[in-house]
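Peer 1: this one's sequence-less:
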């Protein structure tokens, strides 16, 4: 038996089924209010990586930023944010979210628990929120579903606004705790550096370590005495050489021209010229008057007088040079003795310097740590002053025009088709049952 025949034979059944489906659909449209979804968008401000020296660091920074963005999805719907929204919009007293009035039967019979309005509002708000992240971006979409269009808009905007406020508060608290910790750490490090410096100075005093111009005073004294000793030795050798030359002149082994140039000036030069002139006069007398002439005795007397004056001057120079030589030897001996004493002190100083260098290294290490923490503290303070908002709203929620779900006409058309299909199936099944009963 064909389906069309069954439908015509059971047309009232098919019609009743169609009317039932349409009636149920109309009842649904009347009883269930339409819901609206308001959607806004918020742009996150990810924290920048401090170091990105190579491709691996950049890739790690991107992965960290992506994980941070995913975590913000949960922060947008966190209890801290939603509690602020509930308080701002008074959702605990709103019938759509908070405590709902009990039915007449519940009031008469006295059963039916009364839930906490705050908990109800939180549960309904969590069910009404949808948060997502646009692919490969830091843009978050915040949607709120409600029967009231204006309320949906207000809630979406309130969630974004309170999320920014809560995140800024959390970051400020983190920065404040970090700053306090850094200040406390700075105080400890400052005291440690001061104690280390005091230990160094105390060690210097106890071991007599004195520095001037960045160099130990003992080393400077040794260098100065070494220079003084070298100069004294050089002067001693020079005076000994000068004295030997003068003595050769005195003995006649050398003439006055062999004297050092420094001595062939002043008186000795005048006397040398006088002696040379007297000898020239002797030669002239011998050449003109003869060696037996009475004038020869006169010029010989002049030569002897000049020679005596030269010898006397040479003797004076020898005496002065000998005295100066003795003084130079005395100075050299004194410098040598003092240098020997300082060199013995230097051995003790070197032993003490080992401990001093160890203490100095500790001071340098503590100071380096202190300066590093100080720089970090200043950086935190600067970041606190220049801190950007954790996010910004790039698109506020707008008033939705159409409710969520298919339009009523589409639902009625679907109910009509469903009724026809179901009614036809029931008609065919009814005929099949009748045919089986007759047979």
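Peer 2: Yep, that arrived. Every value quoted in this text rests on a predicted model; they were computed, and no experiment measured them.
Peer 1: Could you use CA atoms for every contact and neighbour count after this?
Peer 2: Fine.
Peer 1: Which of the helices and strands in the protein ranks last by mean pLDDT?
Peer 2: helix 104-109 (a mean of 50; mean pLDDT, DSSP states H and E).
Peer 1: what's downstream of the longest helix along the chain, the next helix or strand?
Peer 2: Counting by DSSP state H, the longest helix found in the chain is helix 294-386. Per DSSP states H and E, helix 294-386 leads on to strand 391-395 as the next helix or strand towards the C-terminus.
Peer 1: Against which helices or strands is the following helix or strand past that following strand packed?
Peer 2: Once the chain leaves strand 391-395, the next helix or strand it forms, by DSSP H and E, is helix 408-438. Counting contacts by 3 or more C-alpha pairs under 8 Å, 6 or more residues apart in numbering; DSSP states H and E, helix 408-438 is packed against helix 3-9, helix 11-31.
Peer 1: Provide the secondary structure category for residue 132.
Peer 2: strand (DSSP: H, G, I helix; E, B strand; the rest coil).
Peer 1: and the longest helix of the chain, what's its mean pLDDT?
Peer 2: Summarised as a single mean, pLDDT over helix 294-386 is 77.
Peer 1: Report all helices and strands that that helix contacts.
Peer 2: Helix 294-386 packs on helix 149-207, helix 217-251, helix 267-288, going by 3+ C-alpha pairs under 8 Å, 6+ apart.
Peer 1: Turn the ones you listed into a markdown table, including mean neighbour count.
Peer 2: What follows is the helices and strands packed on helix 294-386, written out as a markdown table (neighbours: other C-alpha atoms under 10 Å):
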| stretch | mean neighbour count |
| --- | --- |
| helix 149-207 | 17 |
| helix 217-251 | 17 |
| helix 267-288 | 16 |
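Peer 1: In CSV: those, plus distance to residue 400 and mean pLDDT.
Peer 2: Below are the helices and strands packed on helix 294-386 laid out as CSV (distance: least, C-alpha to C-alpha, whole Å; pLDDT from 0 to 100):
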stretch, distance to residue 400, mean pLDDT
helix 149-207, 6, 84
helix 217-251, 87, 79
helix 267-288, 125, 68
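Peer 1: Compare these and give me the one nearest residue 124.
Peer 2: Of all those, helix 149-207 sits nearest to residue 124, with 12.3 Å by C-alpha to C-alpha.
Peer 1: Now do the closest one against helix 294-386, angle only.
Peer 2: For helix 149-207 against helix 294-386, the angle by axes from the mean of the first three to the mean of the last three C-alpha atoms, to 10 degrees is 150 degrees.
Peer 1: Against which helices or strands is helix 149-207 packed?
Peer 2: strand 36-44, helix 55-76, helix 79-89, strand 139-146, helix 294-386, strand 391-395.
Peer 1: if you set the cut-off to 7 Å instead, what comes out?
Peer 2: strand 36-44, helix 79-89, strand 139-146, helix 294-386 (3 or more C-alpha pairs under 7 Å, 6 or more residues apart in numbering; DSSP states H and E).
Peer 1: Pipe the helices and strands packed on helix 294-386 into a markdown table and attach distance to residue 435 per row.
Peer 2: Converted to a markdown table, the helices and strands packed on helix 294-386 look like this (distance: least, C-alpha to C-alpha, whole Å):
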| stretch | distance to residue 435 |
| --- | --- |
| helix 149-207 | 57 |
| helix 217-251 | 129 |
| helix 267-288 | 169 |
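Peer 1: I'd like to know which of those helices is closest to residue 412.
Peer 2: helix 149-207 (24.3 Å).
Peer 1: what is the orientation angle of the closest one with helix 79-89?
Peer 2: Going by the same axes, to 10 degrees, helix 149-207 makes 130 degrees with helix 79-89.
Peer 1: Compute the distance from the centre of helix 149-207 to the centre of its chain.
Peer 2: From the chain centre to the centre of helix 149-207 is a distance of 15 Å (C-alpha atoms, centre = their mean, to the nearest Å).
Peer 1: Touching, residue 197 and residue 364? I think so.
Peer 2: No. Assessed by C-alpha atoms under 7 Å, residue 197 is found out of contact with residue 364, at 9.4 Å.
Peer 1: Tell me how far residue 182 lies from residue 207.
Peer 2: According to C-alpha to C-alpha, to the nearest Å, residue 182 and residue 207 sit 37 Å apart.
Peer 1: again but with residue 163, I slipped
Peer 2: 65 Å.
Peer 1: Between the helices and strands packed on helix 149-207, which one is closest to residue 26.
Peer 2: Of all the helices and strands packed on helix 149-207, strand 36-44 comes closest under C-alpha to C-alpha, at 19.4 Å.
Peer 1: Point out the other helices and strands that that closest one packs with.
Peer 2: So strand 36-44, by 3+ C-alpha pairs under 7 Å, 6+ apart, packs with strand 139-146, helix 149-207, strand 391-395.
Peer 1: residues in contact with the first one?
Peer 2: It refers to strand 139-146. Residues outside strand 139-146 that contact it (C-alpha atoms under 7 Å, 6 or more residues apart in numbering): 35-44, 128-134, 152, 155-156.
Peer 1: Strand 391-395 and that one, what's the angle between them?
Peer 2: Using the same axes, to 10 degrees: strand 139-146 against strand 391-395 is 60 degrees.
Peer 1: so what's residue 391 up against?
Peer 2: Contacts of residue 391 (C-alpha under 7 Å, 6+ apart): 42, 43, 44, 45, 164.
Peer 1: quick one: contacts for the closest residue to it other than its chain neighbours?
Peer 2: Spatially, and ignoring its direct neighbours in sequence, residue 391 is nearest to residue 44 (4.3 Å; C-alpha to C-alpha, 6 or more residues apart in numbering). By C-alpha under 7 Å, 6+ apart, the residues touching residue 44 are 138, 139, 390, 391, 392.
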